[in-house]
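> With the input below, show me the fold.
(one chain, ligands or ions: 1)
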Amino acid sequence: MTKTASPALYFAGIGSRAAEWHRVFAEVAPELRLVDHLPPEPERAGMRYALAWKPKPGELQQLPNLQAIFGLGAGVDGILADPTLPAGVPLVRMVDPGLTQGMVEYCLWQVLYHHRRFWETEDAQSRRHWAEQYYPAPWDRSVGIMGLGEIGQAVAAHLTTFKFKLRGWSRSAKKVDGVDCFAGPESLPAFLSACDIVLCLLPLTTETRGLLNADFFAHLPMGAAIINAGRGAQVNEADLLAAMKSGRIGSATLDVFQTEPLPADHPFWQQERLFVTPHNASFTDAKAAATAIRQQILDHAAGKPLQHVVDRRRGY
Ligand SMILES: NC(=O)c1ccc[n+]([C@@H]2O[C@H](COP(=O)([O-])OP(=O)(O)OC[C@H]3O[C@@H](n4cnc5c(N)ncnc54)[C@H](OP(=O)(O)O)[C@@H]3O)[C@@H](O)[C@H]2O)c1
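Purely as a prediction, here's the structure:
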């Protein structure tokens, strides 16, 4: 890419790591012109590509010649939330091995945490109490994975090596080694009925918003554990608290919330056996992402198709 031929990359609501993105793009793609403020009108025509996490509604609409929007995360709900998002412009989501690996690590950590009820060990130690603890073998424990995409399938592959009984749920029918697969809303009750631990790795769409509600919890075995690393708006928070109080849900880990950061007075902070992580189950590796986006821009300019384009009708 030569400086004269290279397009500008417009940064739209790129979040708390903005300085890092600037530094890494400048290092990895020095030929790109990085623009982080809406330029005066005549210059907007030169903005062909945008990088976004949670753009201001209406912002991207003001760039008349956009050819692709690159999302900084695997989930693009923060971008699709803009009702004025230019309709014909391809939206590309992030698929990054580092991001997937971080999710695998988080899910293994949390599945084992709930499987072993590690908080009981921590509590016993805090009381200097030698408390022997027994737990089922992994082959007697069912872990249900909601979402069998890039991340869900990577997590399943690792959990298989731990010999858990695995179930998976997706929108379309799937065959995944070692996983009892279910698909579609009609199969959700059957999927949930035997899940001791449920891992939510779904994108936020109109179909998944509010999905983890009282009705959903009622289909789970008594005392099941919930781990949500999808999106906060998938959980009905009041219903989850009620389900924990009734014992229907025995323990939970949440990485994502309706409001982030989680407000200091939110009841989740105080709820027993509910563990909060601050939406950092994983994060996009800046250097790998900048390298991949640069390559996509080069390929696109050379007439090649973009990879990982979101189906806007499905919402992911
Ligand atoms: N907490 C974090 O730090 C963090 C980090 C990365 C990602 N995430 C979340 O993880 C999500 C998944 O990422 P990914 O890369 O694995 O996405 P992906 O490859 O697009 O996979 C999405 C999976 O969800 C399934 N799905 C979507 N809508 C569904 C529905 N209505 N009913 C049943 N299944 C449905 C899809 O089914 P089909 O296979 O049939 O299409 C697919 O298996 C992201 O969208 C994001 O919300 C969170």
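> what does this protein have sitting close to the ligand?
73-75, 99, 103, 147-152, 169-172, 201-205, 207-208, 229-231, 255-256, 279, 281-282, 316 (CB under 6 Å from any ligand atom). Glycine gets a C-beta too; all of them are placed from N, C-alpha and C.
> Restricted to strands, list the residues you listed.
Counted as lying in strands by DSSP state E, out of these, are 169, 170.
> which residues touch the closest residue to the ligand within the stretch 101-250 of the chain?
Going by CB to the nearest ligand atom, the ligand is nearest to residue 149 of the stretch 101-250 of the chain, at 1.7 Å. Contacts for residue 149 (CB atoms under 8 Å, 6 or more residues apart in numbering) come out as 170, 201, 203, 316.
> among those, who's most crowded?
The most crowded member of the contacts of residue 149, judged by other CB atoms under 10 Å, is residue 201 (26 neighbours).
> Quick one: residues contacting the closest residue to it other than its chain neighbours.
Spatial nearest neighbour of residue 201, excluding adjacent residues (CB to CB, 6 or more residues apart in numbering): residue 147 at 3.8 Å. Residue 147 makes contact with 169, 170, 200, 201, 202, 203, 230, according to CB under 8 Å, 6+ apart.
> From residue 13, how far off is the third one?
Separation of residue 200 from residue 13 (CB to CB, to the nearest Å) stands at 25 Å.
> Which of the two has more residues huddled nearby?
Shown here are residue 200 and residue 13; by other CB under 10 Å, residue 200 has more neighbours (25 against 19).
> shouldn't residue 183 be in contact with residue 169?
Yes - at 7.1 Å, residue 183 counts as touching residue 169 under the criterion of CB atoms under 8 Å.
> residue ranges of the helices in the chain, please?
Taking DSSP state H as the test, the helices found in the chain are 18-28, 41-44, 77-80, 97-116, 118-126, 150-161, 188-192, 214-218, 237-246, 286-301.
> Could you check how far the residue nearest to residue 33 when sequence neighbours are not counted is from the ligand?
Leaving aside its sequence neighbours, residue 33 sits nearest to residue 8 (CB to CB, 6+ apart; 4.3 Å). Per CB to the nearest ligand atom, to the nearest Å, residue 8 is found 28 Å from the ligand.
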